[in-house]
Structure formats: C-alpha cells, structure tokens
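J.: Predicted coordinates and the sequence they were generated for:
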Amino acid sequence: MNRKAIYIITGFILFAALSRLLPHAYNFTPIGAIALFGAAYFADKKWALLVPLLAIWISDLFLNNLVYSAYYDGFAWFTGGFLFIYGSIAMIVVLGYYLLKKITFGRVLGGALGASVIFYIVSNFGVWVTSPMYPPTLEGLIMCYTAAIPFFHYTIAGNVVYSAILFGGYEWLKATYPEFQPVKIES
C-alpha cells in the first residue's frame, strides 16, 4: 500500500474510535465497523489487527479515565472484561479479512451483522464469566444473554451506520482522489 492510503485508513479508524467519546446510545459504537474496515483495507494482516485494537484501546483510555473515572480507582489502563471485548474485535478482524476480500454492499452489510453477533456472544459471555451478577450456571448464562437483548439492536445499528460511513467515505475518497488507491509497495 502507499503511505497516503495507510495514513488515511489509520485516520478513519482513529476518528471513528474517538467518536465513542461523543454522547451515544448504549452499544451504538464503531467497534465492529473499525475491525471490519481495518481488515478490509490493510494488506498486512498484522496492521489489520493492531491498528483497530490500538485505536479502541486509546479511546478506552479516554473513556475510562475521563468519562467513567468515578468507576475506577486510579488510572485505568483497561476496561473491565477487556479480554473478551478485544478478543471479539480480533475475531471480527478475522471475519472481515476473509469476507471482505472484495468490497460490496452485501458483504459489508453481512460483515456488520456478523460483527454484531460476534460481539454480542463473546462480550456477554465475558460478562457472565467475570461478573457476580449472574450465577455460573447455564441458567445464569441465559439470563445474561437475555438481559443484553435490549442493547443488541444498538450494536447492529452502530456497526451498520459506522460501516456505511467508513467504507462509503473511503470508497468515495478513492474514487475522487486516485492517489489514495491502494498500491502494493514491493520490498
């Protein structure tokens, strides 16, 4: 890829991640869209995973230590349950890497829906495993997933809207400014 394209893709991801600082409905976030976008446009799998994870972590630092600082004792480097959240992001990157080798409306929409399901399943499993709110039984797991249903539509909406913005914006940019077309750099 050319350097301009790398900077633009990274900028899109950072901008989307920092949008989490704006007031929004619970779970209406760009997390899944960021992971899909990085997977789709970074040619190097390493950057497709690292840049979205780093962007989410940076926005988590701001959220944990500014917006939600009353809930933490001291500086919070990570969100509670971060292994499950970041694990779901990694899984979404893998989904995006295979699903979005070719960018189409249907594939992006399918990726956004798949990302929502992955995030719902993995993050709520993490809540069940780490939280004393639910008993460590099958019934407790079902209770946890059931309690999360009212937030699931916001996860879907956030992934769909942010995917439309990220993918649509970058595709428009590439069509308008040819210098942002990805170009393989031979090493």
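T.: Here it is on my side, so go on.
J.: if I pick residue 135, what's in contact with it?
T.: Neighbouring residues of residue 135 by Cβ atoms under 8 Å, 6 or more residues apart in numbering: residue 143. Yep, even glycine has a C-beta here, placed from its N, CA and C like the rest.
J.: Can you tell me the SS state at it?
T.: Taking DSSP: H, G, I helix; E, B strand; the rest coil as the rule, one finds residue 135 in the coil state.
J.: Next one: it from residue 3, what distance?
T.: Between residue 135 and residue 3 the distance, using Cβ to Cβ, to the nearest Å, works out to 53 Å.
J.: Check residue 86 too.
T.: Applying Cβ to Cβ, the value for residue 86 to residue 3 is 27 Å.
J.: With neighbour numbers in mind, choose between these two.
T.: For residue 86 versus residue 3, neighbours defined as other Cβ atoms under 10 Å are more numerous around residue 86 (20 against 9).
J.: Could you find the closest non-adjacent residue to that one?
T.: residue 53 (6.0 Å; Cβ to Cβ, 6 or more residues apart in numbering).
J.: Is it correct that the one you found is in contact with residue 89?
T.: Yes: assessed by Cβ atoms under 8 Å, residue 53 is found in contact with residue 89 at 6.0 Å.
J.: Cool, thanks, signing off.
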